[in-house]
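Undergrad: test case, fold it:
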Amino acid sequence: MGKKKDKTPKPTIHLKKSGKTPDYQQLKKSIPYHQQKPVFSFLDCDLQNKEYKPGNITNDKIWHKFIQRLTNLSNLTWGEIERFHDYHAHPFSWNQASVNCHTKCFHDYPPYQFAIDRQPRIIGFFDRDSIFHIVWFDKDHTVFPGK
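TA: Okay, the predicted model is just below:
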């Protein structure tokens, strides 16, 4: 018996006429974010917001779940994360948020949230390189409570 061929679609990379191998940024931009594994950034945390800044995680159990969830999500693609209802991962409209953000670049990209546990949510945005910037930790799911 032979090995099964991998039928996963591979991204198409169009090389410039120079024939050089594409760099990491070219390669990453050619792959839709749904097919990429998460990369997280804390550079745009809204530290001015006393209620929702990630530094407010003072409960060790919640902090452990926060790190554990980020670790688990890092093993999946964003497409897989969005398909699993337990993660409650989805974009929402900035106009629907119950608070204002002090991070200016947050307004340039649509907000996105996913669950840490039953209630707590991580709220942030994807930049042009599909890096997820964590802006808020919403422990009571009140920034965008949903339906």
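Undergrad: ok, residues contacting stretch 112-120?
TA: 62, 65-66, 69, 73, 81, 86-92, 121-126, 132, 137-141, 143-144 (Cβ atoms under 8 Å, 6 or more residues apart in numbering). Bear in mind the C-beta positions are built from the backbone N, C-alpha and C, glycine included.
Undergrad: mind checking which of those are buried?
TA: 62, 66, 69, 73, 81, 87-89, 121-126, 132, 137-139, 141, 143-144 (16 or more other Cβ atoms under 10 Å).
Undergrad: among the residues you listed, which are in helices?
TA: Among the buried ones among the contacts of stretch 112-120, DSSP state H puts 62, 66, 69, 73, 81 in helices.
Undergrad: can I assume the first one is in contact with Lys139?
TA: Yes - between Ile62 and Lys139 a contact is recorded at 7.0 Å, counting by Cβ atoms under 8 Å.
Undergrad: could you give the bridge partners of the spatially most central residue of the chain?
TA: For the chain, the residue nearest the mean C-alpha position is Phe132 (3.9 Å; Cα atoms, centre = their mean). Phe132 forms beta bridges with Phe40, Phe126, as assigned by DSSP bridges.
Undergrad: in CSV, list the ones in helices among the buried ones among the contacts of stretch 112-120 along with pLDDT and distance to Pro54.
TA: Shown next, in CSV, are those (pLDDT from 0 to 100; distance: Cβ to Cβ, whole Å):
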residue, pLDDT, distance to Pro54
Ile62, 78, 11
Phe66, 84, 8
Arg69, 87, 13
Leu73, 89, 15
Ile81, 89, 19
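Undergrad: re earlier: contacts only, for the residue nearest to the centre of the chain.
TA: Per Cβ under 8 Å, 6+ apart, neighbours of Phe132: 38-41, 112, 124-126.
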